[in-house]
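Chemist: Provided below for reference: sequence and predicted model.
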Amino acid sequence: MAAIVRRTYHKRDKDTGSEPEGIQTDMSNLRPTGEATPRTDPLVPGADIPNADIPGADIRAGRLRRAPENFLTADDVRLVGKGRRDFLRASFLAAVAAGSAAAPGSLATAAAATGDGVGDPNILNPTPWGSSLGLPVAANPYGQPSKHERGLVRRQSPGLTQVPAASVSFAPLQGLFGIITPSGLHFERHHQGWQDIDPTRHRLMVNGARPDFVKTPKVYTMDDIMRLPPVSRMHFIECGANTGMEWGNVAVPTVQYTHGMLSCSEFTGVPLRTLLEDCGADLKAAKFVLAEGGDGSSMTRTIPIELVLSGEVMVAYGQNGEMLRPENGYPLRLVVPGVQGVSWVKWLRRIEVGDRPYATKDEAVHYIDLMPDGQHRQYSSIQECKSVITSPSGGQTLLDKGFFTISGLAWSGRGAVRRVDVSTDGGINWTQATLQTPVLSKCLTRFTLPWNWDGRPALLQSRATDETGFVQPAYGQLRAVRGTRSIYHNNAIQTWQVAESGDVNNVQIL
Amino acid sequence: MSRSCKAALLGIVLFGWAAPALADGFANVGRPATPAEIKTWDIDVGPDFAGLPKGSGTVSRGMEIWEEKCASCHGTFGESNSVFNPLVGGTTAEDIKTGHVAALKRTDFPARTTFMKVATVSTLYDYIRRAMPWNAPKSLSDDDVYAVLAYLLNLAEIVPDDFTLTDATIRDVQQRMPNRDGMTTAHALWPGPDLPGMLAKPDTANAACMTGCKPKAELASQLPDHARGAHGNIAEQNRLIGPVRGQRTGPDTAAAELPSPALALAEQSGCLSCHAVDTRVVGPSYSEIAARYRGKNSADALVSKVKAGGEGAWGAVPMPPQDDLSIDDAKTLVAWILSGAPQK
């Protein structure tokens, strides 16, 4: 364990470009107890260290505690603000060392510093927002998140794909709460760019592969579809390639990139079955339907009729109370609960009723899972039971020892999540987590577990079980049957390693 | 119970799905599709070649089309990696005999090209016709699709140089596809019953052990050093509040996006409680002000007005005097307003 921690610090020194003078690379065990790794505010440089020049204020808002900043000169503080965490840490250690040599003096200084702050300046002094008039209504006709939240956005993984119009952007799971993905943060996967289709010119056609499969092939406008009795349901959508970069080994740093091809929305639309019946489809002869998009790629995917007959598959126009976002298929997309995202055809223009699978490009060249014997699994569609801890997660640092809530997401393409267990020792012992309501079929479920971190290294894992009794596999189990080159359907248990420094890193345990 | 019966029952139980109650259905919703409409949109070609249009194309004609319309992205020989994965390569004459691409068993084989994977030639016809060229999809005639596919098949050494691909010969080609027997449906990931060899049970079977599940937890893999900073500064991809922060793994980019100092000054001086950039609040919007005084030499007059306050220029509501505002700050603010009040 220590070796890994050390490596982490070596790397950070490299990142900041130089080795701070006199700093030791393995400082994690030297870190004084109870002190958090100081954090700067990277989004507001200049204001990097809130309260930095206010004596007695800790880096964490609202705390009145001696802070490492008290040991630094104004210039030092500026350096730290530019990202020199190591420097701060070194200075702090130096100060502690000096303090133990001449304890009374330095304690006195610190005490004085704390003493002349009678409290938190954010309370004692007027705030700009508490002493001025705010903005008028409709200043943002379509409301925007706070500017302080601008770090939480969809992001690409550099080098994953060659061109951005056939690529992926990942949802920032590390900062999301509950189970609903805000529509603007829904992950994106496009094969031929995205379009903002004129809804008045959009059409949906339903026809048969053979004339006898559909009595009256029909064309529906959006007016037609939105007149039909609607249903609204919450479902997760996960790309079949989610976590695909990690099949062989750890490759990416944060949960945004390991698991961010995952989103969950309330979708509103019409069960596809309603439309098939309206056209007089032969639901006995039908075994499959083909769904086709209206964009340049005219994406096609085969859907089994069972999911249509059960009423689950939906032709959706609504997402989280408003129309679908263009990136998510405006004005119409297919919703295929439990099945990988590629089947949720966006910009849906046609449904064909047929009696055999179609072997379309994205089910004959891609979205096929390579097995160790050189065969590809074709028509692999269900997203099996899976979970991941989103906080704390890779790339984050815990503020300090003490109380935390481990929180994450669990889901299954075969139904509802029945339970989630969490381990803090890499899978030796497990504790059952609490499932937040609602717990819905083929929908994300939020789990939580209270945790008192004692400052020692930990290995966090979550393991979900669904209503069929299926238990999420460990990496070793998954690789034993599927090898490491499958790309798709990686639902292995994720491990986050917590170092003594509080840094959380992506690791794998078999 | 029949399959559809069961499914329907399930539907009622799980989703409250029920047949529409109205006897005459959904009157006036949707209309019959015309034959011409169906012909235009129903362009899918299945693995049994249902839907394949009549037509033909030679390898040499295909080469012309390829060079004009495809090579820029896929390379002259379909080998390019710059826009997408290579289309051609990695298959052998032996594979054409066996129907299995041997290189797929090798963990050291660098790439997986399209021809190494695809089992059905219909897939390529269907896909090129609907989606390629990528930037001008559906622009090829049916014959052009035959020709360009013939060329690709020739590059993959499946058909000879003098080959003509037609709706008839494509069936023979299917028998020579290098990975034609490379697919299996022996898995439990299909949500229906109708694929050959499907498995009823998932292929992994973990157990929910709770205590002492293994002697120790060994790390099999960790983030490689080079990957730590490969996704930008993670500190900027996390929230500024809460129980955790992001690790700093790269330079701050936010510095470049600092809000304009004049904007901060306007905020501090309380101007923004009455003015917004684009909308009228108590006073006129800054863009209105900028528009009215554009090209006029009014900066000094405005500085005085801001300091002294006044009314009548925009309406009956007065602007209060700004006693605490220094002349310099007033000048900065007026210059900023007249330049359109940029946010950055």
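Modeler: Alright, I've got the coordinates.
Chemist: what domains does the record give for chain B?
Modeler: Chain B is divided into the following domains under automatic domain parsing: B:3-41, B:56-174, B:256-344.
Chemist: winner for burial among those domains?
Modeler: Stretch with highest mean neighbour count among those: domain B:56-174 (a mean of 19; mean count of other Cβ atoms under 10 Å in any protein chain shown). (C-beta placed from N, C-alpha, C; glycine too.)
Chemist: and it, how far from the chain's centre?
Modeler: Relative to its parent chain, domain B:56-174 has a centroid offset of 24 Å by Cα atoms, centre = their mean, to the nearest Å.
Chemist: so where is the stretch 1-150 of chain B shaky, pLDDT-wise?
Modeler: B:1-23 (pLDDT under 70).
Chemist: Would you map the helices across it?
Modeler: B:3-15, B:35-41, B:59-69, B:71-74, B:93-98, B:114-117, B:121-131, B:142-155 (DSSP state H, counting those that start in this stretch).
Chemist: any idea which residue sits dead centre in chain A?
Modeler: The C-alpha lying nearest the average C-alpha coordinate of chain A belongs to residue A:173 (Cα atoms, centre = their mean; 2.2 Å).
Chemist: how many neighbours does whichever residue of the stretch 401-510 of chain A sits closest to chain B have?
Modeler: Closest to chain B within the stretch 401-510 of chain A is residue A:426: 2.6 Å, counting by Cβ to the nearest Cβ. Using other Cβ atoms under 10 Å in any protein chain shown, residue A:426 is surrounded by 22 other residues.
Chemist: you'd agree it is up against residue A:495?
Modeler: Yes - Residue A:426 is in contact with residue A:495 according to Cβ atoms under 8 Å; the separation is 6.4 Å.
Chemist: coming back round to it: could I get the domains of chain B as JSON lines with distance to chain A?
Modeler: Formatted as JSON lines, the domains of chain B follow (distance: least, Cβ to the nearest Cβ, whole Å):
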{"stretch": "domain B:3-41", "distance to chain A": "3"}
{"stretch": "domain B:56-174", "distance to chain A": "4"}
{"stretch": "domain B:256-344", "distance to chain A": "3"}
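Chemist: quick one: the helix or strand where residue A:446 lies to chain centroid distance?
Modeler: Residue A:446 is part of strand A:445-453 when elements are defined by DSSP states H and E. The chain centre lies 17 Å from the centre of strand A:445-453; the measure is Cα atoms, centre = their mean.
Chemist: for the next helix or strand after it, packing partners?
Modeler: Later in the chain than strand A:445-453, the nearest helix or strand by DSSP H and E is strand A:458-466. Judged by 3 or more Cβ pairs under 8 Å, 6 or more residues apart in numbering or on different chains; DSSP states H and E, the packing partners of strand A:458-466 are strand A:386-391, strand A:402-411, strand A:417-423, strand A:495-498, strand A:504-509.
Chemist: Which strands or helices does the third one pack on?
Modeler: Contact here means 3+ Cβ pairs under 8 Å, 6+ apart; on that basis strand A:417-423 packs against strand A:386-391, strand A:402-411, strand A:431-432, strand A:434-435, strand A:445-453, strand A:458-466.
Chemist: tell me the mean pLDDT over the fifth one?
Modeler: Confidence over strand A:445-453, taken as the mean pLDDT, stands at 98.
Chemist: got the angle for that strand vs strand A:402-411?
Modeler: If you take axes from the mean of the first three to the mean of the last three Cα atoms, to 10 degrees, strand A:445-453 sits at 160 degrees to strand A:402-411.
Chemist: Please consider this matter closed, and thank you.
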